[in-house]
Structures are given as structure tokens and as C-alpha cells.
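Peer 1: all I have is the shape, not the residue letters:
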């Protein structure tokens, strides 16, 4: 039984939907051929049918109906489409358009003297002002709505009274006619008692009907009075509700003011703490810059001291190398002058020894001059004034610092060899840097790479070929420098600490104090506003990446 009921309900629903769809389809089929007021009526019917199916499409039909009705001055069409567009724009939160359309409909209803349609317009207008939260306009609409409602009820009561009065007058006239007829009959004929009684009975019925009409009129009058009292009571309740609404609005306003004040205070507090944090960050940044300057000053003093200490004995080496070369030439001339005095074979042997002495002196002089240039570079670094920027060729600076670091390690480790692979962009723009500081960064990175390659070479022997790759490229307003070695790499657990001050992985007595990469990071990031990062894979490679902005 329940299954049959369910099936029947579904069947009815399907038939209803089918009929609804068929109605829309029929109207839309008639629309292309329809014209004038007939087309307006079809458009208004379609707009009402599309309310629950496609609200926006219904709105489109209503707009077409409104425009065509205005062209035709078809007031009934304007009235229907205007009310629908008022509701449609209200639901889409276009309140000014909704009010405009609804007031147009009310004006048309007033011109047509259709008070029920006018009352419907004020009812729509009330909902628009209520949704739009416009209490003043809502009060005006409610007042107009109540006045019109009283007028309609009063007109209805007046019409009912008129109908009753006409009915009463009709029956009273019929009664008078009947009384006159009775009098005429009584005058003309001698009615029998039975007929007279019958007429009297009919007369009594007419009198009773008259009494009923009078009672009905009295009840109608009482009903009018009660309706008026009910309207007055409703208006009183409405005023009371308005007072409550004003109180609630006052409370809401106070709450909003409190929320705004709390938000403003929160905003001030956030600004205060941001300013405080910014001040703290600037303080830390200043402290870091002072620390870096102190580090650089200390390093410069140390470098200058070492360079001066090396410079003195180096001067003796260079000077005595030159003196030895001069003495070798004088000795060669003396032997040449006394050639006859030497026995066979001694002359050639002495010339050969003198030749070796001259070559050794030349070699000592060349290497001494090279060492002198290195010491001079160290002194230049120590004397270099930080803060003076110059435009430099990054590719040339890379090659120069690699050679400086490599020759230093090669002199300390006999047989040490590193293969250099270059991938340098030839059209690289010159960078504005502090050359002394930037060279310190490159030397630190190359020294660390050479140290790592030397350690790995000692572990693997001839099976390993040390290699350093340097690459430069300009991209995205920055110059990127990559220095990559195929050494042992950096373990992940210490990778995040390599830029910390005094952190080092070198055994005691080897390398420096752990400030090299820390100073390098400060020079690149803080002084040159660039980036310094490290990429590594333990056992395979370590790569330092420097990015510096191109400033024009």
C-alpha cells in the first residue's frame, strides 16, 4: 500500500513538472509571433513561471515586458513587470533600482485607481527598505501601507453597507407595493378569511425580512467599529515595536562603536609592536655591522703584521739573489780571462757550475719577486679602505684569487694539483663592489675548497682527480657566481652552522679561527646587499653560490 502511495505521489509530481514545463514551452513558442500587449502579457507570464526555475531568466523577461509596456503605454503591463523587477532587484541587493521600479508600479496602480495593487506595491516597498536597513524610509512605507489598508477596509465596509441598503430599500419597496396591493384588493374584493390570513402571513414574513435587514445593518455597523478599533490597536502595537527597534538599533550602534574602538586600539598596538620590533632589528643589524667592522679591522691588522714580517727577509732574498747573479757573471769573466792557466777539463767544469749558479739565482729572483707581489697584495688588502666601491671585472677577479689560493696550497703541498674548469660569461657586466672585501670572500671559498680537495686526495689517492668549477652568468638583474668542488661535501647536520662565527671543522693547528665564512657572509649580504648560499651532497660536491645585484 505504501509503495503504491509513493509511486502515485511521484507520478503526480512528474505530471505537475511536465505540465509546468509544457506551459513554459507553449508560451515561449508563442513569443516570436506575438506583438503589442499580447507579447507583454506573455512576457509577464513567463517571468512569473520562471520564479522557481530560473530567477535571472524571469528577471530578463520582466525587463523586456517593462520596456515594451512603456513603449505601448500599456499600464497594466507596466504594473506587473515593475513589481516583479522591484522584487528581483531587491533579492540581488540593487536597492535603489528596486525602489525605483516599485514606486513606478505604485504610481501606475494609483492612476488605475486599483487600491489593492497599490497596497501590494507598498508591501513590496516595505520589504526593500527593511532588507536595505533604511528605518526612516521603512517607517514612511509602513505609514502609507496602513493608511491605504484602512481606506480599503473602509471602502469595503461602505460597499457592503450600500449593498445592504439597496437590498433593504428593494425589499421595503416590495413591501410597500405589497401593502398597496393588499389595500387595493381589500377595497376591490371581499376577500375570504382564508385568503386574508394568507396575505397577512405573507405580510408578516415581509416584516420579518425587514427586521432581519435592519439587524444585519446594525451588525455591519458594529463590525466597522470593531475593525476600526483593531486597526488603532495594531497601529499602537506597531509604534511599540518601532520603539523596541530603535532601542535595539541604539544597542547595536553602541556595540559597533565599541568594536571600532577595540579595532583601533588593536591597530595602534600592532603598529607599536611592529615599530618596537623594527627598532630591535635595526639595533641587531647595527651590532652585526660593528662586529663585522671589528672583525675586518682585526683581520687587516693581522694581515698587515704578517706581511711586514715577511717583507723584510724577502727583501734580503731578492737582493742577495741579484748580487749572486752579478757575482756569477764576474766569476765567469775572471775564469774567461785566466783560461790558459786551467788544465784541460777544469775550464768547462767551472763554466758549467757557474751556469747552474746563474740559473739558480734567476729562479730565486723570479720566485722572490712573485712572493713579493703576493706580500704586496696582502698589504694592499690590509690597507684597503672599506666602503669605497669600484667597478670590477668579476671573471678576472675570480681567476686571480683562484691562482693566489692555488699557488699557496701548491707551495705547501708538493705534488698537489687541481683541475680548473671555467664557464665564464664573456658579456658579463662589471659589478660595483669593494674589491678588497670581495677578494677576501673569494679567497676564503677557494681556500676551503683546496683544503677539502687535499683531504679527499689523501684518502682516495690516484683514483681521485681534484677539480674546481667556476661559473658566472647575468640573469634577472643579478650576477650569479658559482664555485663548485668535487670534494667530500658538508654533512647535513653541520651545514646550517658554517656561517656562524668561530665555527670550523678543521683540526686544531690547521686553517683559521672559523671566522672566514662568517665574515664572507656579512660582506656579501650586509655590505653588498647580495646572497650567499651553499649547496652540497656529502661525498660528492660542495657549491657556493653568490648573487649580487647589478647597479647602473
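Peer 2: Right, received. Where do you want to start? Quick caveat, the model's predicted, so the values are computed rather than measured.

Peer 1: check which helix or strand residue 469 maps to.
Peer 2: For residue 469, the enclosing helix or strand under DSSP states H and E is strand 467-475.

Peer 1: centre of the chain versus that strand, how much separation?
Peer 2: A distance of 37 Å separates the centroid of the chain from that of strand 467-475, by Cα atoms, centre = their mean, to the nearest Å.

Peer 1: mind listing the strands for the stretch 301-450 of the chain?
Peer 2: Using DSSP state E, counting those that start in this stretch, the strands found in the stretch 301-450 of the chain span residues 390-392, 419-424, 431-433.

Peer 1: what is the longest one packed up against?
Peer 2: Which is strand 419-424. Here strand 419-424 is seen to pack against helix 394-412, strand 467-475 when contacts are counted using 3 or more Cβ pairs under 8 Å, 6 or more residues apart in numbering; DSSP states H and E. Using the backbone N, CA and C atoms, a C-beta is placed for each residue, glycine as well.

Peer 1: who wins for proximity to residue 40 among the ones you listed?
Peer 2: The closest approach between residue 40 and any of those, judged by Cβ to Cβ, belongs to strand 467-475 at 67.8 Å.

Peer 1: the following helix or strand past that closest one pairs with which strands?
Peer 2: On the C-terminal side of strand 467-475, the nearest following helix or strand under DSSP H and E is strand 478-485. In the sheet containing strand 478-485, its partner strands are strand 467-475 (antiparallel), strand 541-549 (antiparallel), by DSSP bridges.

Peer 1: in TSV: those, plus mean neighbour count and distance to residue 59.
Peer 2: Formatted as TSV, the strands paired with strand 478-485 follow (neighbours: other Cβ atoms under 10 Å; distance: least, Cβ to Cβ, whole Å):
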stretch	mean neighbour count	distance to residue 59
strand 467-475	16	55
strand 541-549	19	57
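
Peer 1: as CSV, the ones you listed with mean pLDDT and distance to residue 309 would be great.
Peer 2: Formatted as CSV, these follow (pLDDT from 0 to 100; distance: least, Cβ to Cβ, whole Å):
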stretch, mean pLDDT, distance to residue 309
strand 467-475, 94, 30
strand 541-549, 94, 31
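
Peer 1: nearest to residue 140, of those strands?
Peer 2: Taking Cβ to Cβ as the criterion, residue 140 comes closest to strand 541-549 out of these, the separation being 66.1 Å.

Peer 1: from residue 406, how far out is the spatially closest residue to residue 372 that is not a sequence neighbour?
Peer 2: Using Cβ to Cβ, 6 or more residues apart in numbering and skipping residues adjacent in sequence, the residue nearest residue 372 is residue 314, 5.8 Å away. Relative to residue 406, residue 314 is positioned 20 Å away (criterion: Cβ to Cβ, to the nearest Å).

Peer 1: most packed of the strands of the stretch 301-450 of the chain?
Peer 2: With neighbours defined by mean count of other Cβ atoms under 10 Å, none of these is more surrounded on average than strand 431-433, at a mean of 21.

Peer 1: what helices or strands is it leaning on?
Peer 2: Judged by 3+ Cβ pairs under 8 Å, 6+ apart, strand 431-433 is in contact with strand 390-392.

Peer 1: give me the contacts around the strand holding residue 469.
Peer 2: Around strand 467-475, the neighbours that count as contacts under Cβ atoms under 8 Å, 6 or more residues apart in numbering are 394-395, 398-399, 402, 418-425, 427-429, 446, 449, 453, 479-486, 550.

Peer 1: show me the shaky parts of the stretch 251-400 of the chain.
Peer 2: Filtered on pLDDT under 70, the stretch 251-400 of the chain yields the residue ranges 285-286, 288-305, 307-308, 311-312, 316, 344, 370, 373-374, 376-387.

Peer 1: how about 50 then?
Peer 2: Within the stretch 251-400 of the chain, the segments meeting pLDDT under 50 span 385.

Peer 1: now do the strand holding residue 469 against strand 419-424: the angle between them, please.
Peer 2: Angle, strand 467-475 to strand 419-424, by axes from the mean of the first three to the mean of the last three Cα atoms, to 10 degrees: 10 degrees.

Peer 1: format the helices and strands packed on strand 419-424 as JSON lines; extra columns: distance to residue 140.
Peer 2: Written out in JSON lines, the entries for the helices and strands packed on strand 419-424 read as follows (distance: least, Cβ to Cβ, whole Å):
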{"stretch": "helix 394-412", "distance to residue 140": "79"}
{"stretch": "strand 467-475", "distance to residue 140": "69"}
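
Peer 1: quick one: closest of those to residue 74.
Peer 2: In terms of Cβ to Cβ, the element of the helices and strands packed on strand 419-424 nearest to residue 74 is strand 467-475, at 71.0 Å.

Peer 1: quick one, helices of the stretch 51-200 of the chain?
Peer 2: Across the stretch 51-200 of the chain, reading from the start of the chain, the helices by DSSP state H, counting those that start in this stretch fall at 55-72, 75-91, 95-111, 115-131, 135-188, 193-337.

Peer 1: quick one, which of the ones you listed gets closest to residue 458.
Peer 2: With distances scored as Cβ to Cβ, the stretch of the helices of the stretch 51-200 of the chain nearest to residue 458 is helix 193-337 (26.9 Å).

Peer 1: circling back to that earlier point, tell me the most buried of the helices of the stretch 51-200 of the chain?
Peer 2: Mean neighbour count (mean count of other Cβ under 10 Å) peaks for helix 75-91 among the helices of the stretch 51-200 of the chain, with a mean of 23.

Peer 1: show me what it is packed up against.
Peer 2: Contact here means 3+ Cβ pairs under 8 Å, 6+ apart; on that basis helix 75-91 packs against helix 36-49, helix 55-72, helix 95-111, helix 115-131.

Peer 1: so where does residue 452 fall, helix or strand?
Peer 2: Secondary structure here is read from DSSP H and E; on that basis residue 452 sits in helix 435-460.

Peer 1: tell me what angle that helix forms with strand 419-424.
Peer 2: 140 degrees.

Peer 1: tell me the mean pLDDT over helix 435-460?
Peer 2: Helix 435-460 shows an average pLDDT of 89 in the prediction.

Peer 1: do the same with stretch 69-85
Peer 2: Stretch 69-85 comes out with an average pLDDT of 88.

Peer 1: quick one: contacts of that stretch?
Peer 2: With Cβ under 8 Å, 6+ apart as the contact definition, stretch 69-85 has outside contacts at 36-37, 40-41, 43-44, 47-48, 58-59, 62-63, 65-66, 68, 97-98, 101-102, 104-105, 108-109, 111-112, 114, 117, 120-121, 124.

Peer 1: at 6 Å instead, please
Peer 2: Residues lying outside stretch 69-85 but in contact with it, judged by Cβ atoms under 6 Å, 6 or more residues apart in numbering, are 37, 40, 44, 47, 62, 65-66, 101, 104-105, 108-109, 112.

Peer 1: quick check: residue 440 vs residue 433, distance?
Peer 2: When Cβ to Cβ is the yardstick, residue 440 and residue 433 sit 11 Å from each other.

Peer 1: then residue 70?
Peer 2: To residue 433, residue 70 is 76 Å away according to Cβ to Cβ.

Peer 1: and if you look at residue 413?
Peer 2: Taking Cβ to Cβ as the measure, residue 413 and residue 433 are separated by 31 Å.

Peer 1: I figured residue 430 was touching residue 389, is that so?
Peer 2: No: using Cβ atoms under 6 Å, residue 430 is not in contact with residue 389; the gap is 11.3 Å.

Peer 1: overlap of the contact sets of those two?
Peer 2: Any residue near both residue 430 and residue 389 by Cβ under 6 Å, 6+ apart counts here, and not one turns up.

Peer 1: from residue 156, how far out is the closest residue to residue 548 other than its chain neighbours?
Peer 2: What sits nearest to residue 548 in space, not counting adjacent residues and going by Cβ to Cβ, 6+ apart, is residue 530, at 4.1 Å. Taking Cβ to Cβ as the measure, residue 530 and residue 156 are separated by 90 Å.

Peer 1: and for residue 76?
Peer 2: To residue 156, residue 76 is 23 Å away according to Cβ to Cβ.

Peer 1: that concludes my questions; thank you for your assistance.
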